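Asker: from the sequence below, what's the structure:
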Amino acid sequence: MTLRRKEFPSTANTIYFDHAGVAPVSRRTADAVTAFIAEARDFGRLRYGAWERRAVVVRAAAAQAINAAADEVAFVASTSDGLSVIATGLDWRRGDSVVTAAGEFPANVYPWWGLERLGVTTRMVPTPDGRLTVDALAAAIDATTRVVSISAVDFASGQRRPLAAIAELCRARGVLFCVDAIQALGALTLDVERDGIDCLAADGHKWLCAPEGCGVLYVSRRCVDRIYPQRLGWKSVTDEGTFVPYHFNLKPNALKFEPGSPNYLGIHALGGAYDLLLEIGVRETEAAVLAVTARLRAALAAAGFRVLSPDAPDERSGITTVATRRPALDVVNELRAAGILSGPRGGGVRFSPHFYANDDDIEHAVATLTEVDGRG
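Answerer: Numbers count the residues shown, from 1 in each chain. So this is what the prediction gives:
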């Protein structure tokens with residue numbers, strides 16, 4: 001049986017090859033939401049202590065999944081929210097610069113562009129064919145550069161970025177290394193220590209298969225004191241349960257970035273997703289995702305399609321973008337009408353199946369694509 005396929009009731013209705021967009025939630029996540037809502041309905045604040053304890057467990061799970069400490073992880077509303085915490089929290093000087101890649105998803109662009117009013121420049125490194133190289137990054141960094149912010153996986157081409165090599169470059173230049181991890185978390189291994197990541201943000205609604213609206217922000221102990229929270233509230237400070245007398249002793253870790261009442265519903269949903277991920281295993285999940293990707297690419301090539309995504313083993317991810325004869329959006333819409341979910345990205349059709357996809361899914365998706373694209 002394909003890995004944990006029973007966890008995804010969506011398989012009865014669709015071939016879901018769009019986890020790089022908005023994923024279906026797992027049964028585990030849906031059950032966690034149902035249980036939370038039932039408790040809130042039947043008991044209200046009588047269960048508040050249990051919700052607080054569950055948040056502690058989920059935070060620890062989120063940290064375990066990326067090899068971080070629990071107090072280096074904060075809950076945020078989205079990837080954009082987390083990256084904005086970093087962008088607005090640093091002590092910028094006029095003339096500073098940020099380096100990112102051309103073609104990044106806007107979540108990793110606009111938080112940095114917003115600093116232009118402070119005199120901070122954002123440099124966009126060219127990515128021919130959707131590929132970013134360390135040499136191109138190195139050429140864009142100079143003495144003014146304070147941050148390099150890069151997606152772990154490019155959302156359009158699917159290139160898996162060389163994070164450890166980029167981190168080494170950043171350390172050598174004294175630059176903060178920030179990662180948009182939404183196209184990797186839940187599909188590929190992420191190790192903030194191995195990969196030298198200073199800050200990382202990701203939502204749960206893609207490869208983690210949780211709902212939109214709750215994600216995680218990792219801020220290393222190495223740099224947490226350099227980032228000041230711009231949104232403050234009663235939970236930003238130590239001894240948060242003692243409301244008065246007031247004091248302004250901010251928490252000394254990533255929890256200072258959670259200013260107010262938690263999104264316990266979202267945290268419970270995210271917890272269900274992490275329970276499943278850690279039960280399967282992060283490395284086992286990656287192996288399954290890459291195996292599905294390999295089978296899909298082989299089937300596409302056999303059918304005569306040109307894969308646009310990088311093919312080097314260390315650059316592969318869960319994303320496979322393929323060139324089509326017809327306009328990509330038209331193809332995507334016709335695939336959707338046939339019950340196959342994909343997306344128009346990177347100059348072609350983007351497929352992003354997860355670990356539970358089976359050979360029948362791949363065969364049917366490629367056969368339908370062949371017909372829709374006028375190759376049958």
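
Asker: can you give me the strands in the stretch 51-200 of the chain?
Answerer: Under the criterion DSSP state E, counting those that start in this stretch, the stretch 51-200 of the chain contains strands at 73-76, 97-101, 121-125, 145-151, 176-180, 199-203.

Asker: if you could redo that for the stretch 201-350 of the chain, that was the one I meant.
Answerer: 215-219, 320-322, 340-341, 343-345, 348-351.

Asker: packing partners of the last one?
Answerer: This points to strand 348-351. Under the contact criterion of 3 or more Cβ pairs under 8 Å, 6 or more residues apart in numbering; DSSP states H and E, strand 348-351 touches strand 320-322, helix 328-337, strand 343-345. Where you see a C-beta, it was placed from the backbone N, CA and C, and this is true even at glycine.

Asker: in stretch 94-105, which residues are buried?
Answerer: Under the neighbour-count criterion of 16 or more other Cβ atoms under 10 Å, stretch 94-105 has 96-101, 103-105 buried.

Asker: ok, those vs V244, which is closest?
Answerer: D96 (39.3 Å; Cβ to Cβ).

Asker: now for the strands of the stretch 201-350 of the chain, which one comes closest to R160?
Answerer: Here strand 320-322 is closest among the strands of the stretch 201-350 of the chain (Cβ to Cβ), at 12.2 Å.

Asker: hmm, who's touching that closest one?
Answerer: 130, 156-158, 293, 296-297, 300, 305-309, 345-352, 369 (Cβ atoms under 8 Å, 6 or more residues apart in numbering).

Asker: and that strand, how far out from the chain's middle?
Answerer: Here strand 320-322 is found 19 Å from its chain centre; the criterion is Cα atoms, centre = their mean, to the nearest Å.

Asker: go on, stretch 231-243?
Answerer: On Cα atoms, centre = their mean, the centre of stretch 231-243 falls 28 Å from the chain's centre.

Asker: who's in contact with H247?
Answerer: H247 touches 237-239, counting by Cβ under 8 Å, 6+ apart.

Asker: now A184
Answerer: With Cβ under 8 Å, 6+ apart, A184 has these contacts: 152-153, 160, 190, 202, 207, 317.

Asker: and it, how far is that from A20?
Answerer: 10 Å (Cβ to Cβ, to the nearest Å).

Asker: list residues touching both of the two?
Answerer: Counting by Cβ under 8 Å, 6+ apart, the residues touching both A184 and A20 are W207.

Asker: burial of A254, as a residue count?
Answerer: Using other Cβ atoms under 10 Å, A254 is surrounded by 29 other residues.
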